[in-house]
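[1] When you get a sec, could you give me coordinates for this:
(one chain, ligands or ions: 3)
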Amino acid sequence: MREITARRIIEMKGKEKIAMITAYDYPSALIADRAGMDIIFIGDSLGMVVYGEGNTLNVSMEQMVFHTRAVSKAVKRALVLADMPFASYEIDTDEGLRNAVRLIQAGADAVKIEGGYDHRKLVRKLVRMGIPVMGHTGLTPQRYLRFGGYRLMGETEEEIEEILRDAKALEKAGAFAVVLEFTLADVAKLVTEEISIPTIGIGAGPWVDGQVLVWHDLLGIYEETPPFVKKYADIGGMMRLAIENYREEVKGGAFPGREHYWEFLDKEDFRKKAARALEKLREED
Ligand SMILES: Nc1nc(=O)c2c([nH]1)NC[C@@H]1CN(c3ccc(C(=O)N[C@@H](CCC(=O)O)C(=O)O)cc3)CN21
Ligand SMILES: CC(C)C(=O)C(=O)O
Ligand SMILES: [Mg+2]
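    Numbering: from 1, shown residues only. Ligands and ions are numbered 1, 2, ... in the order given. Reported below is the predicted structural model:
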């Protein structure tokens, strides 16, 4: 069992901010775990940042299972959370249960679903089975086509009501936390005050119980980052410089240097061995 459990995350509400980041592979997850992140999250955003899609709708269970396994191998301390991809839980509850089990068996400690009120029965069943669940309301990217893109949520009375309904339904169904994505900060604050489980914001302001960002966005590896992202480093620029350097050294012959290859010290010894090898090959023809 990892050090950070769903119970620990619940206990952090009002005491300590929850720090969450996405990761999609083994080396990244190793770095995030050593950096002391509380939650390492295999998000379905991997469809965009790892697979180059324009939205998250084409992510499969197979992709989520493979990436969850890779991340899970690396993480000793943080809670490992896996996203349920589009259409893996909405069609019927049994399918949702089976797919959640696949992610747990790939090494996740908990799963996340988009929505709340509509999936309260599934959440309740998962929790009863012993699978911790995180909900997600506000901007839910799996409704990209209906929304007609990604936009700020919670401006109208109807949207505020929907977000509150989702958050309260998740709390009641036994979810251990809720992601609030791209909502007005006042709405996120209200939700945070109205429910007893932690809220984790992304583009939802400071008055929440924790924050999550996408790996490639905060490290500067992805071009089309959302407007709420803070870029903590220009790793993309560093990668490009390193690769340009490598290319130039290949073209100019500076790589490989003397420390990166092995040669015969006794050239006469090599000449004899090579001549015999060539002779044998000629005999075989
Ligand atoms: N790399 C990445 N980071 C994320 O945070 C993220 C994803 N991908 N994919 C799934 C969702 C989608 N998210 C997004 C993506 C874009 C905007 C954004 O750019 N909004 C613009 C308007 C864009 C438009 O309407 O075309 C804005 O200015 O509000 C917001 C949230 C957040 N999530
Ligand atoms: C943006 C976060 C919350 C997410 O769901 C993802 O990365 O898939
Ligand atoms: Mg997601």
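[2] residues in the stretch 51-200 of the chain within reach of ligand 3, list them.
    Proximity of the stretch 51-200 of the chain to ligand 3, by C-beta under 5 Å from the ion, involves residues residue 83. C-beta: built from backbone N, CA, C; applies to glycine.
[3] Which stretches in the stretch 51-200 of the chain count as helices?
    61-74, 93-105, 120-129, 144-147, 157-173, 185-194 (DSSP state H, counting those that start in this stretch).
[4] Mind telling me which of the ones you listed the model trusts least?
    The minimum mean pLDDT among the helices of the stretch 51-200 of the chain belongs to helix 144-147 (a mean of 94).
[5] Tell me if that helix is near ligand 1.
    No. In terms of C-beta under 6 Å from any ligand atom, no part of helix 144-147 sits within range of ligand 1; the closest distance is 7.9 Å.
[6] Report how many residues lie close to the closest residue to ligand 2 within the chain.
    Scanning the chain for proximity to ligand 2 using C-beta to the nearest ligand atom identifies residue 43 as nearest, at 2.4 Å. Residues near residue 43, counting by other C-beta atoms under 10 Å, number 30.
[7] That one contacts residue 216, doesn't it?
    No. Using C-beta atoms under 8 Å, residue 43 makes no contact with residue 216, being 10.6 Å away.
[8] List the buried residues in the least confident helix or strand in the chain by mean pLDDT.
    Ranked by mean pLDDT, DSSP states H and E, the weakest helix or strand in the chain is helix 144-147, scoring a mean of 94. Neighbour-count burial for helix 144-147 flags residue 144 (criterion: 16 or more other C-beta atoms under 10 Å).
[9] Output the contacting helices and strands for it.
    Helix 144-147 is packed against no helix or strand, with contacts defined by 3 or more C-beta pairs under 8 Å, 6 or more residues apart in numbering; DSSP states H and E.
[10] Please see if that helix touches ligand 2.
    No. Residues of helix 144-147 are not located near ligand 2 by C-beta under 6 Å from any ligand atom, the shortest gap being 12.0 Å.
[11] I'd like the distance from that helix to the chain centre, please.
    Averaging C-alpha positions (C-alpha atoms, centre = their mean, to the nearest Å) puts helix 144-147 22 Å from its chain's average.
[12] Map the structural domains onto the sequence of the protein.
    In terms of domains, the chain is parsed into 6-233, 239-284 (source: automatic domain parsing).
[13] among the ones you listed, which is the most enclosed?
    Comparing the domains of the chain by mean neighbour count (mean count of other C-beta atoms under 10 Å), domain 6-233 ranks first with a mean of 19.
[14] That one: end-to-end distance?
    End-to-end distance for domain 6-233, by C-alpha to C-alpha, to the nearest Å: 30 Å.
[15] Equivalent analysis for stretch 49-57, please.
    13 Å.
[16] Pull the residues that contact it.
    Outside stretch 49-57, the residues that touch it by C-beta atoms under 8 Å, 6 or more residues apart in numbering are 24, 44-45, 47-48, 58-59, 63, 67, 85-86, 141-142, 144-145, 214-217, 221-222.
[17] got it, and stretch 104-112?
    Under the contact criterion C-beta under 8 Å, 6+ apart, stretch 104-112 has outside partners 2, 5-6, 41-42, 64-66, 68-69, 71-73, 79-84, 100, 103, 126, 131-136, 176, 179.
[18] Send me that stretch as CSV with only the CA atoms.
    Output of stretch 104-112 as CSV, limited to C-alpha atoms (Å, rounded to 0.1, in the frame of the first residue of the first chain):
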residue,chain,number,x,y,z
ILE,A,104,-7.2,-0.9,-10.3
GLN,A,105,-5.7,-4.2,-11.4
ALA,A,106,-3.2,-2.1,-13.6
GLY,A,107,-2.0,-0.5,-10.3
ALA,A,108,-4.3,2.5,-9.7
ASP,A,109,-5.4,3.2,-6.1
ALA,A,110,-8.5,5.1,-7.2
VAL,A,111,-10.4,6.1,-10.4
LYS,A,112,-11.9,9.4,-11.6
